[in-house]
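Peer 1: what's the 3D shape of this:
(2 chains)
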Amino acid sequence: AQRVTQPEKLLSVFKGAPVELKCNYSYSGSPELFWYVQYSRQRLQLLLRHISRESIKGFTADLNKGETSFHLKKPFAQEEDSAMYYCALSGNSGNTPLVFGKGTRLSVIA
Amino acid sequence: NAGVTQTPKFQVLKTGQSMTLQCAQDMNHNSMYWYRQDPGMGLRLIYYSASEGTTDKGEVPNGYNVSRLNKREFSLRLESAAPSQTSVYFCASSVSLGGYTFGSGTRLTVV
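Peer 2: As a prediction, the model looks like this:
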């Protein structure tokens, strides 16, 4: 079974502080991992995917298969980063529908 | 390009009423999905269509039906609405590998 766990419902950090949003997954095969973001009153949008190994808006995420984690990190938080963040997994090398975690609300305090 | 368009944006239903949520995409994507978003529950898959002519159940299909009308359109029907179906419904489409494009959502309240 595929499962995504985001242990924090809410994460509050000060502007300029480092951010780490945790994501752990359960899947025995080859997963594809993603982070999606939902800003206030906007639709969900793809932030990044592990296969791209890219940095978007200063965020990065590394897939750690040993720890089954895909934590999202940013060295210096900005107020505009405040949003809801969802970690998602697709099994079978990306050929099954996404399974989402319950989400973490990031609040960046000025 | 409009991307993924959902209608209506808001709807209030009485218990037992029926309605259809519409979704259309103009990106020539093969796969389409319906999710519901509830506080503290994240997004849960209701139904999906991997390609035109196919539909499959997701995690929470009870009380819903879907129709993949053509490659562009994927509708979600509530035959007899219940208060437990109060939620925000998102339609999405993808080519492959998780790069979903989401609609703006339908906020449904069942009273």
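
Peer 1: Is it correct that B:Pro61 falls within a helix?
Peer 2: No - going by DSSP: H, G, I helix; E, B strand; the rest coil, the assignment for B:Pro61 is coil, not a helix.

Peer 1: Go ahead and confirm it touches B:Thr55.
Peer 2: No - here B:Pro61 does not reach B:Thr55: they are 9.8 Å apart, not a contact under Cβ atoms under 8 Å. (C-beta placed from N, C-alpha, C; glycine too.)

Peer 1: okay, and the common contacts of these two?
Peer 2: B:Tyr47 (Cβ atoms under 8 Å, 6 or more residues apart in numbering or on different chains).

Peer 1: my guess is A:Leu10 meets A:Tyr85, correct?
Peer 2: No - in this structure, A:Leu10 is not within contact of A:Tyr85 by Cβ under 8 Å, at 11.1 Å.

Peer 1: So for those two, which residue has more residues nearby?
Peer 2: Shown here are A:Leu10 and A:Tyr85; by other Cβ atoms under 10 Å in any protein chain shown, A:Tyr85 has more neighbours (23 against 9).

Peer 1: Quick check: residues of chain A near chain B?
Peer 2: Applying Cβ under 8 Å from any Cβ of the partner chain, one finds that chain A approaches chain B through A:6, A:9, A:32, A:34, A:36, A:42-46, A:49, A:51, A:86, A:88, A:90, A:94-95, A:97-103.

Peer 1: among the residues you listed, which ones are buried?
Peer 2: A:6, A:32, A:34, A:36, A:43-44, A:46, A:49, A:86, A:88, A:90, A:94, A:97-103 (16 or more other Cβ atoms under 10 Å in any protein chain shown).
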